[in-house]
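Asks: Test case, fold it:
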Amino acid sequence: MLVNIFLASEDIKAQLSEETKMFEALDREFRDMMIDVSTNPLVVEACTAEKYEVLKAQSATIKRCEKSLNEYLEQKKKSFPRFYFLSNQSLLTILSNGTNPPKVCEFIGDCFDGLKTIIFNPPAFNEIPKTANALQSKDGEIVPFTCEDFVCEGAVENWLSRLEQKMRHTLYEVLD
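Replies: This is a model prediction of the structure:
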């Protein structure tokens, strides 16, 4: 799981650059060790005291990376409190797909109780849709945004906060 987080997520790479470098080095070292073990699969030779010490050091590094990752997730939860309703795995998926709003919308119902998704305008060829024109409830009701469409840009926690404000404004206008 940590491989996908530290090596695939651009946001986490940028925010936790030191931990990402530590994890990349650890990942390379572990893979090299496993290649050595696979070339000589004798258990007695593979389980040397030297390799045991290396594995203990790697375990300590992983714990440091996990601690930094948990602190990072706590910061994100503080910036958008509805993230507290999500599991860490779901939150990591959202953060790593922050520039892909349709992927984020798979979890939007966990953040907003009655909301299933937002309806996107058709994008240009080979582009990810980023402009939404309506809300869709879990019951299938569609509520078009009043005034203008909503653009999902910037950090995911920021555009989700703006979406919450847009939802409130739209529902206020519709109910008024």
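Asks: Report the contact partners of the residue lying farthest from the centre of the chain.
Replies: Here the chain reaches farthest from its C-alpha mean at residue 44, the gap being 40.9 Å by CA atoms, centre = their mean. For residue 44, the contact set (CB atoms under 8 Å, 6 or more residues apart in numbering) is empty. Just so you know, the C-beta spots here come from the backbone N, C-alpha and C atoms, and that holds for glycine as well.
Asks: Helix, strand or coil: sort out it for me.
Replies: Here residue 44 is recorded as helix under DSSP: H, G, I helix; E, B strand; the rest coil.
Asks: pLDDT score for it?
Replies: pLDDT recorded at residue 44 is 80.
Asks: how much space between it and residue 53?
Replies: Going from residue 44 to residue 53 by CB to CB, to the nearest Å gives 17 Å.
Asks: Also residue 112?
Replies: Distance from residue 112 to residue 53, by CB to CB: 49 Å.
Asks: For the two, indicate the residue with more neighbours.
Replies: Comparing residue 112 with residue 53 by other CB atoms under 10 Å, the one with more neighbours is residue 112, at 18 against 10.
Asks: so that one touches residue 166, yeah?
Replies: No: under the criterion of CB atoms under 8 Å, residue 112 makes no contact with residue 166, lying 11.6 Å away.
Asks: Next, count neighbours for residue 99.
Replies: Per other CB under 10 Å, the neighbour tally for residue 99 reads 16.
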